[in-house]
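1. Here's a sequence, model it:
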Amino acid sequence: MQINRTGSAQWSGGIKDGKGQISTQSGALKSYPYGFASRFEGLPGTNPEELIGAAHAGCFTMALSLILGEAGFTATSMETTAKVTLESVEGGFAISAILLTLRGTVPNCDEKTFIELAGKAKAGCPVSKALAAVPITLDAQLA
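-> Residues are numbered from 1 along each chain as shown. Next up, the predicted model:
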């Protein structure tokens, strides 16, 4: 089985004075603004790092739900935050770290088991795998 999902971005202008819009296939984001100021200066709008964080947190938490179920547990609640660190490195910027912070309530599950199962989810979720290293293909054309 193969599932394809798309996200898109539109940009006009230079890096600091330009602006862009991000959209998702589902319509969850439709022409949502992003730009230099929202990425580097904390102004309103989104940025790629918070979108990666949301995707990672969502995928990880869903994967953990599956793993918990396979082990005979059902979470009452789980909340995950993915802190994505972007920093200046030689040659530009890079994502240098992602910290997943998970808080969960799982009846009849002890802390050791919960931490072990969460580690399996971290290693096995598709977004974790994608962020580790995947082939990237580029199809670029000038209009």
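2. Domain map for this protein?
-> According to the TED database, the chain comprises the domains 7-41, 48-142.
3. Export those to TSV and append columns for mean neighbour count.
-> Every C-beta, even on glycine, is put in place using the N, C-alpha and C of the backbone. As requested, the domains of the chain are exported to TSV (neighbours: other C-beta atoms under 10 Å):
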stretch	mean neighbour count
domain 7-41	14
domain 48-142	14
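4. Identify whichever of the ones you listed lies nearest to residue 1.
-> domain 48-142 (12.8 Å; C-beta to C-beta).
5. how far does the closest one sit from the chain's center?
-> 7 Å (C-alpha atoms, centre = their mean, to the nearest Å).
6. Go through the domains of the chain and find the least confident stretch.
-> Lowest mean pLDDT within these: domain 48-142, at a mean of 89.
7. Next up, the contacts around residue 97.
-> Taking C-beta atoms under 8 Å, 6 or more residues apart in numbering, we find residue 97 in contact with 83-85.
8. Which strands and helices lie in contact with the helix ranked longest in the chain?
-> Longest helix in the chain by number of residues, with DSSP state H as the criterion: helix 48-70. Packing partners of helix 48-70 (3 or more C-beta pairs under 8 Å, 6 or more residues apart in numbering; DSSP states H and E): strand 77-89, strand 92-105, helix 111-124, helix 126-132.
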